[in-house]
Every structure is written in C-alpha cells, then in structure tokens.
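Undergrad: Please find the sequence and the predicted model below.
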Amino acid sequence: MSTATQEYQAVFAGKTRAQLDEILTRYPAKQAALLPALWLVQRERGWISDRSMTEVAEVLGLTPAYVKGVVTFYTMYHQHPVGKNFVQVCTTSPCNICGAEGVVRALLEHTGAKDLGATSPDGQWTVIEVECLGACGFATPVLINDDFIESVTPEKVPELVRKYR
Amino acid sequence: MGYPHKPHPRETVVLSKHFGDPEARTYKGWVRRGGYEALKNALATDPAAIIEEVKTSGVRGRGGAGFPTGLKWSFMPKEKTKPHYLCVNADESEPGTFKDREIMRWTPHALLEGTAIAAHAIRAEVTYIYVRGEFTEPLAILEKALAEASTAGVFGNMKIYLHRGAGAYICGEETAMMNSIEGKRGNPRIKPPFPAAAGVFGMPTTINNVETLVAVPHILKNGAAWYKGLSLSNPKSTGTKLFSVCGHLAKPGNYEVTMGFPLKDLLYELGGGMRPGRTLKACIPGGSSVPILNREESESCLLDYEGCVEKGTMLGSGGVIVFDDSTDMVYQIMRLARFYAHESCAQCTQCREGTAWTTRILERILTGQGAMKDLDLLLDLADNMTGKTICVLSDSCAAPVVSGIKKFKSEFEAYITGKKRPVAA
C-alpha cells in the first residue's frame, strides 16, 4: 500500500533548530519568532504544509489554528508546493502602463506554466502576478525565487527562462 | 546621484550622494566617506539635545504622513520605567515608491547610522528594521552591513535586528507592522493608545521611515539651520526629498531635490519629459494613495507638503506616477482599486466590502456593463470609505476613484454609453 503516511521529519532539528534558537533571543516573546520560523520552514521544505504548521505551533507554544491564521494572511508563504522556479511579476498600475501584462504572457508561454498560479508539467515553473514589488522605476520587476530582476520586457523573457531552466 | 541616471545639475544630492557606488556599501568604505562620525558624536550627546536639534531642523516623516520627526521622538516617556523600542519602517510598498529600496541597497550603513542615532535619542535598547519580504537584495545587503558594523562595535549596547515581512502592503501601517513583529496577522490597531505609550510588545515605541532616518546624521553633522535652509518654499517643509519617478517618462528613477521644487521641472527636465510624441495626461505625486492631478495641476504644483495640499493632493511618500495621453484612466484606476482590494486586511467593513465593491463596479464599467448611476454609486461608496476605518487603506482606495471621476469623467462615460469599446478587466 502506497497510501501509508510517511513519517514526518521535523524541520526544527540540527542546524535549523539552532537558527531558530538564535532568532528566539531577539524577541521578548516566543510568538514574535513566528514569521521568521515560517520563513525557515519554507526555506527548508519549499512550502508550508499543515503538518509543518503544527510543528511550528508546538515549538512556539501556539495553536495550529493560530499559525494557519497567520500563514494565510501573508501572501509570500506557500500553502501548496510550487515549481522549482517561483516567478512573481508586478502588474500594479505603474508597471501595467509600462507593459507588465506582456511580460506575464511571455513568461506563461516560455515557461510552459500556461496559467497563472499553475505549475508547468515538468514541475519547473510557477508564475504569479503580484501587487507592487517596490521597483516601479525599473518596470517590469520580476522576482524569480530570491533573485530580483529589473526592467524585464517580453523580448528578454526567453533568455531569462533559459538561464533558470 | 539620480539613480540610475547621473545626477542632474538641479538635484541636491545629500541622501543619494553614494547611490551607485558599491564601495559605500562596506563598513570601511562608509567610514572613509565620513560615515559613523555623526553617530559617535551623538552617543556622547544628551538625547534631549538631539531631539531638540531634529525638531529645529523641521524634518518630517518621509513615509507618507509627514509628521514632524523631532516631535514624534519627544512623545516617548521622559521617565524611563519600561524598555523602549524603535521600529524602522522599511516595508516600502506604496505603488510608485522605490526610494527606500535604493537607500538600503546602496547605503545600508547610512540607514544603520540614522537608526542608531534615533535609538539613542529615544533611549531604545532594541530596534527592529522591518524589511518587506520581497526586498531580497536590500535584505542581504543590510544583513552584511549590520554584521560588519556590529563587529566594529559602533552600536555599543544597542541591539538592532532585521525582521522580514512576508507580503502584506498593510504592514507598512505602523500599528500593523508592530503586530507583524509580534508574530500576528498584520491588522492595524485602534489608536489610542499611541505607539509612544504602548507600542510593540506593549512598550513605548517609535516608528520611523528609512528616508527620515538617513537624513538624521546629515542634520546633526551640518546643523538644523543648514537643513532648514535647504527649502525652496516655506519653513514647514524643509530639507531634501527623494522622488521616485515612474510610469510614462523618458528617464524614470530617483531624483533628490529640495522641498518646494516644481513638479513640472522634475518631470520635464530631470525625468527627461514624456516619451516621443506624447503629452502629459495625469500625475499622482505622492504614491498611489493620494488624489490624481490633471496636466494643468501637475504643471503648477510645488513639491512640498503644503504645495501638494494646495492642489488638492498630498506629498505622501514622494512616489510620482506619470500617465501620458495614451493612458486609459478608467483601467488604471481599476488597477489601483484592485490593489487596495487585494491588500485590505479585511478588519473594517467599509474597507473589506468597499475596496472589493469599488473594483467590481469599475470592472463592470470597463466591460461595457456599467450605467451612469454607477458613477454616483462609486462616489457614495468612496464617501463611506473615507475617515471611517481604523487605518487609511480604505481612504487610499477612494482617493484615486473620486479624483479620477472628477477629472476624467468623460472617459468613464465613454465606456458607459458605448462610445468606447469594452475591454477585458
């Protein structure tokens, strides 16, 4: 039977646990380490599962429901697995008038992701539209994983996609 | 330096002097450029004297509200009975604004120096610099700078930590930011109590914007009178200001000018004017949350707090969004409303329902299903969204809608009467 639940491997063990312990010293309350703890989970696992939320809750003395309430408030925490390359394109007004929608179309086509929020069949790409990335003078800014790329145009997209493939 | 362009002769480069100079990012490079001298002197000065100097300089908060910085610092309790906190607002997310990002990526030590001086002035042991989650590059640069400067021992016993946001515009609102630091959803808090009485972790707290803090070392070094003298217009708006200019412009970028600089010159001289064959249609001078100006208003507006109010708008964060005559104003106003609908924390009914409803009505008009009465409905809705909620996100959504209908009504009517073909929205 392949349906058996795999045993959960704790995120906060070894080096990651030590990192969290250091973070805890920065705040007068354990709860304040919640956002950094969630970042650590996402760094280690790529996304934040319900099981990981429960682990975070246990480690910080919170309830799983509370942790989920916080996770769902912030748009950068992934509640589902995403492609190896997670692409965020700014389409708010200043970028919109400079052609951001064309950049989105080109990215969806060249990555094979096809639909916003969907992951390409090869598991490599997820493309989403986001609100203001705070680089309006460098339209269109695109965030690929942790790389912030300025002044992307539809013409530059094929080369960009090749670089990350 | 008017990054990414060479400085224009009419710029007054104080805060942006080292933009584009990678050596200024290092601790040694910063010290070579006169960095951390102001902090050294400040740490040997009585906090009250520093607050007085900053008060006299007239510097006002650069995040958008324009509250006098020295006065804000003076609200912290005189008798210290509890720990004091400083929070640095580096959650720059106001559409049109990208100045703090440039400050952090080129001159991280300028921010750390201003931060440490402010912490000393308000007698804060701990500072949190709240950087928006998407700012991966500024975060990495700040992290390195903080480690270098801490190793060099310039902060004494003060503790400075970086706290990364996770994607929420509303966390730029100071009370939402404090909740976010505490590990909560970023819902703004009802005031009072004000942060100086009960802020982060319930303790006396001051929240300052990045650009405000980087001005502080210059004020202490050159004196309040020098800073005040940098105004072109009036004693209520002093110093220099970084304007982020974006949209339909030949040379978008950050330009540092003295308060009172004409918006017209910023657009046509520094910003290189419109693209070939295009003319200016509209401009939002202070980030997307302030009323839109038409061409005539833009060309006669002086860039300071009072000059913008005189034209019926606000200086805000200094994010200047330029729209030329090719712009579909109805579509762009819908995009802005959609931004606020996406970013509403959903705490207050007027905002949660109002921002979404406004967006739906604008989408309906764009797709050719609008009616004339929708314009009255939008204005009525905007009235109910203004001045009635915990924070001003709801007001910010209403601002472009109301000013847009007032100044570009014929564009709305063209969609409603069928004179203009519907578009996908």
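TA: Done, it's in.
Undergrad: Tell me where the chain has strands.
TA: Since no chain was named, I'll use chain A. Along chain A, counting by DSSP state E, strands occupy A:85-90, A:125-130, A:142-144, A:147-149.
Undergrad: actually it's chain B I care about, not the one you picked
TA: B:85-90, B:126-131, B:159-164, B:205-209, B:240-247, B:253-258, B:261-262, B:280-284, B:293-294, B:302-303, B:319-324.
Undergrad: quick one: low-confidence parts of the chain?
TA: In the absence of a named chain, this looks at chain A. By pLDDT under 70, the low-scoring segments of chain A are A:1-5.
Undergrad: actually chain B
TA: Judged by pLDDT under 70, the stretches of chain B that qualify are B:1-2.
Undergrad: Could you give the number of residues near B:Gly20?
TA: B:Gly20 is flanked by 16 other residues according to other C-beta atoms under 10 Å in any protein chain shown. C-beta coordinates here come from the backbone N, C-alpha and C atoms, glycine included.
Undergrad: sorry, back to before: for B:Cys397, which of the strands of chain B is the nearest?
TA: Closest to B:Cys397 of those is strand B:280-284 (C-beta to C-beta; 13.4 Å).
Undergrad: quick one on the thing from earlier: out of the strands of chain B, which is closest to B:Lys17?
TA: With C-beta to C-beta, the closest approach to B:Lys17 among the strands of chain B belongs to strand B:253-258: 8.6 Å.
Undergrad: which residues touch that closest one?
TA: A:137, B:2-5, B:8, B:10-16, B:19, B:98-99, B:102, B:230-232, B:239-245, B:266, B:270-271, B:303 (C-beta atoms under 8 Å, 6 or more residues apart in numbering or on different chains).
Undergrad: quick revisit: nearest to chain B, out of the strands of chain A?
TA: In terms of C-beta to the nearest C-beta, the element of the strands of chain A nearest to chain B is strand A:147-149, at 5.1 Å.
Undergrad: what's the closest one packed up against?
TA: helix B:136-151 (3 or more C-beta pairs under 8 Å, 6 or more residues apart in numbering or on different chains; DSSP states H and E).
Undergrad: Dig out what residue 85 forms beta bridges with.
TA: Answering for chain A, as no chain was given. A:Trp125 (DSSP bridges).
Undergrad: nope, chain B
TA: With DSSP bridges as the criterion, B:Tyr85 is bridged to B:Val126, B:Thr205.
Undergrad: hang on, it packs against B:Pro204?
TA: Yes: at 7.2 Å, B:Tyr85 and B:Pro204 qualify as touching, with contact defined as C-beta atoms under 8 Å.
Undergrad: Give the intersection of the neighbour lists for these two.
TA: In contact with both B:Tyr85 and B:Pro204: no residue, using C-beta under 8 Å, 6+ apart.
Undergrad: how about stretch A:36-53 against chain B, any contact?
TA: Yes: if you take C-beta under 8 Å from any C-beta of the partner chain as the test, stretch A:36-53 does meet chain B, through A:Pro36, A:Leu38, A:Trp39.
Undergrad: residues in contact with B:Asn157?
TA: B:Glu125.
Undergrad: Repeat that for A:Thr25.
TA: Per C-beta under 8 Å, 6+ apart, neighbours of A:Thr25: none.
Undergrad: separation between it and A:Gly117?
TA: 38 Å (C-beta to C-beta, to the nearest Å).
Undergrad: What of B:Leu303?
TA: Taken as C-beta to C-beta, the span from B:Leu303 to A:Gly117 is 40 Å.
Undergrad: related to what we said a few turns ago, now render the strands of chain A as a markdown table, adding mean neighbour count.
TA: Listed next are the strands of chain A as a markdown table, based on neighbours: other C-beta atoms under 10 Å in any protein chain shown:
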| stretch | mean neighbour count |
| --- | --- |
| strand A:85-90 | 23 |
| strand A:125-130 | 22 |
| strand A:142-144 | 23 |
| strand A:147-149 | 17 |
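Undergrad: Out of those, the one nearest B:Cys351 is which?
TA: Nearest to B:Cys351, of the strands of chain A and by C-beta to C-beta, is strand A:125-130 at 20.4 Å.
Undergrad: Remind me what the closest one packs against, helices and strands.
TA: strand A:85-90, helix A:100-111.
Undergrad: How is chain B divided into domains?
TA: B:22-228, B:240-324, B:329-417 (automatic domain parsing).
Undergrad: Is it possible to get a markdown table of those domains that adds distance to A:His78?
TA: A markdown table is the format used below for these (distance: least, C-beta to C-beta, whole Å):
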| stretch | distance to A:His78 |
| --- | --- |
| domain B:22-228 | 11 |
| domain B:240-324 | 27 |
| domain B:329-417 | 17 |
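Undergrad: dump the residue contacts of B:Gln331.
TA: Check again: residue B:331 is Tyr, not Gln. Contacts of B:Tyr331 (C-beta under 8 Å, 6+ apart): B:Leu366, B:Val423, B:Ala425.
Undergrad: show me what contacts the second one?
TA: So the one you mean is B:Val423. Neighbours of B:Val423 in contact, by C-beta under 8 Å, 6+ apart: B:Asp328, B:Tyr331, B:Leu366, B:Thr367.
Undergrad: how does chain A divide up, domain by domain?
TA: A:10-73, A:85-164.
Undergrad: Kindly present the ones you listed as CSV, with separate columns for distance to B:Glu256.
TA: Shown next, in CSV, are those (distance: least, C-beta to C-beta, whole Å):
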stretch, distance to B:Glu256
domain A:10-73, 33
domain A:85-164, 14
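Undergrad: looking at these, which is closest to B:Gly183?
TA: domain A:10-73 (3.4 Å).
Undergrad: give me the number of residues near the residue lying closest to B:Phe261 once chain neighbours are set aside?
TA: With sequence-adjacent residues excluded and distances taken as C-beta to C-beta, 6 or more residues apart in numbering or on different chains, B:Phe261 is closest to B:Leu303, at 4.9 Å. Residues near B:Leu303, counting by other C-beta under 10 Å, number 26.
Undergrad: B:Leu303 is in contact with B:Met314, isn't it?
TA: No: B:Leu303 is beyond contact range of B:Met314, at 11.2 Å (criterion: C-beta under 8 Å).
Undergrad: which neighbours do these two share?
TA: B:Pro285.
Undergrad: Mind listing what's buried along stretch B:159-178?
TA: B:160-178 (16 or more other C-beta atoms under 10 Å in any protein chain shown).
Undergrad: Pull it out as PDB, backbone CA atoms only.
TA: Below are the C-alpha coordinates for stretch B:159-178, written out as PDB (Å, rounded to 0.1, in the frame of the first residue of the first chain):
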ATOM      1  CA  LYS B 159      20.600  45.700  19.600                       C
ATOM      2  CA  ILE B 160      19.500  46.100  16.000                       C
ATOM      3  CA  TYR B 161      17.600  43.200  14.300                       C
ATOM      4  CA  LEU B 162      16.200  42.700  10.900                       C
ATOM      5  CA  HIS B 163      12.700  41.400  10.700                       C
ATOM      6  CA  ARG B 164      11.500  40.200   7.300                       C
ATOM      7  CA  GLY B 165       7.900  40.800   6.200                       C
ATOM      8  CA  ALA B 166       6.100  38.200   4.200                       C
ATOM      9  CA  GLY B 167       4.000  40.000   1.600                       C
ATOM     10  CA  ALA B 168       1.400  42.400   3.000                       C
ATOM     11  CA  TYR B 169       1.200  46.100   2.000                       C
ATOM     12  CA  ILE B 170      -0.800  46.900   5.200                       C
ATOM     13  CA  CYS B 171       2.300  46.100   7.300                       C
ATOM     14  CA  GLY B 172       3.700  49.400   6.300                       C
ATOM     15  CA  GLU B 173       1.000  50.900   8.500                       C
ATOM     16  CA  GLU B 174       2.800  51.400  11.800                       C
ATOM     17  CA  THR B 175       0.500  49.500  14.100                       C
ATOM     18  CA  ALA B 176       0.000  46.600  11.700                       C
ATOM     19  CA  MET B 177       3.800  46.500  11.500                       C
ATOM     20  CA  MET B 178       4.100  46.100  15.300                       C
END
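Undergrad: Having no further points to raise, I will conclude here.
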